[in-house]
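Asks: got a structure for you, letters missing:
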């Protein structure tokens, strides 16, 4: 009975040690400022653009969303883009 407990406890310790060793520090640096920006105020979004694709047109809208804060308390801004089919003019 004591051997079973000892095996169970040692198994839990090994499992917890394995999970703890896989942690990593996040990296909030990006060279592509078209997608991610750190700190400051909300970046300006581009005006909606309409592109003619032959038989239909697509309107592309971009906006910057607040995704929280970094560990050093800077804002994370992430760009989202939506597209929808519209009537050509």
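Replies: Received the coordinates, thanks. All values derive from a computational prediction rather than experimental measurement.

Asks: which stretches of this protein have low pLDDT?
Replies: Residues of the chain that meet the criterion pLDDT under 70 lie in 1, 15-30.

Asks: quick one, strands of it?
Replies: 36-38, 49-52, 57-69, 75-86 (DSSP state E).

Asks: So for the last one, what gets flagged as buried?
Replies: Going back to what we said before, that points to strand 75-86. Neighbour-count burial for strand 75-86 flags 76, 77, 79 (criterion: 16 or more other Cβ atoms under 10 Å). The C-beta positions use only the backbone N, C-alpha and C, and glycine is treated the same way.

Asks: Return the member of those nearest to residue 47.
Replies: Nearest to residue 47 out of the buried residues of strand 75-86 is residue 79 (Cβ to Cβ; 14.2 Å).

Asks: what bridges to that closest one?
Replies: residue 64 (DSSP bridges).

Asks: Is it in contact with residue 66, as I believe?
Replies: No. Under the criterion of Cβ atoms under 8 Å, residue 79 is not in contact with residue 66, lying 11.6 Å apart.

Asks: wait, which of the strands of the chain is closest to residue 11?
Replies: strand 57-69 (36.3 Å).

Asks: helices or strands up against the closest one?
Replies: Identification of packing neighbours for strand 57-69 by 3 or more Cβ pairs under 8 Å, 6 or more residues apart in numbering; DSSP states H and E yields strand 49-52, strand 75-86.
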